[in-house]
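A.B. asks: this is a predicted model, with the sequence first.
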Amino acid sequence: MNQPPYTLYTFAMSHYSEKIRWTLDASGIAYREVCLTPVFHLLPALTMGKRGQTTLPVLKTPQGSIQDSPRILRWLREHHGPMALMPAAHLPEIEDVAKRFDAIGKDVARYLYAHSFGSGDEHIKRLWTDHATPTQAVFIRRAYPLIQWAFRRKLHITEAGAHRAHQRIDAAVAWLDARLADGRTFLVGHQLTTADLTAASLLAPLACPSEHPVYGDATFRQTMAGAAAPWQVRPSMAWVRQMYAQHRGVMHGGVALSPKAA
């Protein structure tokens, strides 16, 4: 059986990874997903990205590897365009909306970790080891206090940092509420675009749509309930869940294929 030409390297719980996974799924572009394990992703990301960065997702193609979701979207448009999700007539506005929500991605992670470190550690360990090898899983669990410390430093997870993250998330949600106030379904034009996919993906860890195998998991919802509470009744969260219910479709990657469940 022929392998798909593209391999998408992700974190299963990454909202940036979900943005690209969704784009590929919705565009009918064949790919294979490899869910990496935190800490053990560092060398592969550095090696493939060749940019001195350890971020995911990375899309590996016959032409080379592309790192970071905005760069991947540009590459897909250049190599698979014209794409229905990125119509040329609305592209500047689509990109402006996407940038708005890309900008709060780290704030969402910072805020949720700030509110779950200490109280939700067992679930975090499960998320971090769900696609790990047995050896990797043992390391993550034994080194968890050190890894948590490193995450706090890398993401600036402090009381002040969490407060700033809350403010930035609230501003983005307020903008989205206002955008949706006229009854529109799609954020730009009259069709699904990467503006919608970006906004929905980046807010999905707060909205917890049931269609996502990580964010919709009952334990994830319970663990993050307190942190996500300020926005749960906002129109924006209802819109995110509607986007997932009506437009997410089948996930063709490996995010739901946990070795523990296989």
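C.D. replies: Received it, and whenever you're ready, just let me know what you need.
A.B. asks: could you name the helices and strands sitting against the longest helix along the chain?
C.D. replies: Scanning the chain for the helix with the most residues, using DSSP state H, yields helix 159-180. Here helix 159-180 touches helix 91-102, helix 105-116, helix 194-207, helix 235-243, going by 3 or more C-beta pairs under 8 Å, 6 or more residues apart in numbering; DSSP states H and E. From N, CA and C alone the C-beta is placed, and that goes for glycine too.
A.B. asks: most tightly packed of these?
C.D. replies: Across those, averaging neighbours per residue (mean count of other C-beta atoms under 10 Å) puts helix 194-207 on top, at a mean of 27.
A.B. asks: that helix packs against which elements?
C.D. replies: helix 15-27, helix 91-102, helix 105-116, helix 159-180, helix 218-228, helix 235-243.
A.B. asks: hey, where'd the strands end up in the stretch 1-150 of the chain?
C.D. replies: With strands called from DSSP state E, counting those that start in this stretch, the stretch 1-150 of the chain shows them at 7-10, 32-35, 58-61, 64-67.
A.B. asks: now the last one: average pLDDT?
C.D. replies: Okay, so that is strand 64-67. Averaged across strand 64-67, pLDDT comes to 96.
A.B. asks: dump that strand to CSV, keeping only the CA atoms.
C.D. replies: The C-alpha coordinates for strand 64-67 follow below in CSV (Å, rounded to 0.1, in the frame of the first residue of the first chain):
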residue,chain,number,x,y,z
GLY,A,64,11.1,19.5,2.2
SER,A,65,9.7,20.2,5.7
ILE,A,66,7.6,23.2,6.7
GLN,A,67,7.4,24.2,10.3
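A.B. asks: from the contact counts, what lies against that strand?
C.D. replies: With 3+ C-beta pairs under 8 Å, 6+ apart as the test, strand 64-67 has helix 42-49, strand 58-61 packed against it.
A.B. asks: could you rerun that using 10 Å?
C.D. replies: Counting contacts by 3 or more C-beta pairs under 10 Å, 6 or more residues apart in numbering; DSSP states H and E, strand 64-67 is packed against strand 7-10, helix 42-49, strand 58-61, helix 69-80.
A.B. asks: turn these into TSV, including mean neighbour count.
C.D. replies: Formatted as TSV, the helices and strands packed on strand 64-67 follow (neighbours: other C-beta atoms under 10 Å):
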stretch	mean neighbour count
strand 7-10	22
helix 42-49	15
strand 58-61	22
helix 69-80	18
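A.B. asks: quick one, which of those is nearest to Ala103?
C.D. replies: Closest of those to Ala103 is helix 69-80, at 10.7 Å (criterion: C-beta to C-beta).
A.B. asks: can I get the closest one in PDB, CA atoms only?
C.D. replies: Extracted C-alpha coordinates of helix 69-80, given in PDB (Å, rounded to 0.1, in the frame of the first residue of the first chain):
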ATOM      1  CA  SER A  69       1.000  26.500  11.000                       C
ATOM      2  CA  PRO A  70       1.000  29.800   9.100                       C
ATOM      3  CA  ARG A  71       4.000  28.800   7.000                       C
ATOM      4  CA  ILE A  72       2.300  25.400   6.300                       C
ATOM      5  CA  LEU A  73      -0.900  27.200   5.200                       C
ATOM      6  CA  ARG A  74       1.100  29.400   2.800                       C
ATOM      7  CA  TRP A  75       2.900  26.300   1.400                       C
ATOM      8  CA  LEU A  76      -0.300  24.500   0.900                       C
ATOM      9  CA  ARG A  77      -1.800  27.400  -0.900                       C
ATOM     10  CA  GLU A  78       1.200  27.700  -3.200                       C
ATOM     11  CA  HIS A  79       1.300  24.000  -4.000                       C
ATOM     12  CA  HIS A  80      -2.400  23.000  -3.900                       C
END
